Structures are given as structure tokens and as C-alpha cells.
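>>> Fold the following.
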Amino acid sequence: MKPWACLAWQPLLLAIGVAVGGGMAARAMAEQPVPPQIPRDGWKDCEYNDKPLACVDEQLPGGLKIRWKDGQSMTYRAVSAKGKDASGSDLLRDRLGGIWRRELYVQGNITLTNEANGNRIFVPLRFPCKPPLKGEVGYCRY
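As a prediction, the model looks like this:
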């Protein structure tokens, strides 16, 4: 090879080095830890009789507590250790004496149905997807 021929290879080698180095930088950026994703307002998109009403649920040993955005709250406790209906759903009693059938779905969503009066409560597992406010981290990942 002539001495000047190796100069022709330098731009090509430089381009390969930049491409490989750039790929490493992109991979390093992708592997950085994701900041925690925190719900913006802390309220879930619940429903009472198919009408949207924000709520917060708290799982209790042997029960459930729901606090509604309108200021109301209710605690539901298991009827008994064997408190299941014929379909295998849990039976819960509210503090007013109402009996509710709790159904837990595969996605983690919960419905409570009061068969005496037809009232129905839906509580989703996850918080709703809302874009983050300026300077905050969003909490929805797709």
C-alpha cells in the first residue's frame, strides 16, 4: 500500500467510530433509570351508578374504604369469613347495613353491587392518564 493510500481510509474509519460511539451513547441514555411516576392529583376515575365521580380507595384487612371527592366516605367490611355468594364473589357490609357484592376483575378493577337497591360502584385499579404539569414527571407509560 502506498503511504498516501492510508489517508483515504481515515474518513471512513472516523465515520464508523462515530456511528458506533453514537449507538453506545443512545443505549446508555435508554438504560438510565426512569424517574418515579406519581399521579398528579391522587384521585381515580371511579363511578357511582355509571356516573363519573373521583374517589380514593384503601384496601383494609377484610374490607375496603372509599373516599369520594364530594366529601363522602364509606367503609365496607367482609360479612363473615365465608362471606361469598353463589358466584364466589365477596360479600361486604357497609356501616349502614347494606350488603354489597364485590367483584375483582383480572385487570384489578373492582365493582361493588348492592343487589337490594341496584346501586353500583366501580373503582379502577390505576390512576387516570393525564399529562404532567410543567416541571413534573408524567405517570402514564405506553
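>>> Tell me which residues of the helix or strand in which L64 is found come out buried.
Assigned by DSSP states H and E, L64 belongs to strand 63-68. For strand 63-68, burial by neighbour count (16 or more other C-beta atoms under 10 Å) applies to 63-64, 66-68. C-beta here means a position set from N, CA and C on the backbone, and glycine is covered the same way.
>>> ok, these vs G42, which is closest?
Proximity of the buried residues of strand 63-68 to G42, judged by C-beta to C-beta, is greatest for R67, which lies at 10.4 Å.
>>> strands paired with the strand holding L64, and their directions?
Strand 63-68 sits in its sheet next to strand 55-60 (antiparallel), strand 73-78 (antiparallel), going by DSSP bridges.
>>> For those, give me TSV that also has mean neighbour count and mean pLDDT.
Converted to TSV, the strands paired with strand 63-68 look like this (neighbours: other C-beta atoms under 10 Å; pLDDT from 0 to 100):
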stretch	mean neighbour count	mean pLDDT
strand 55-60	14	92
strand 73-78	17	95
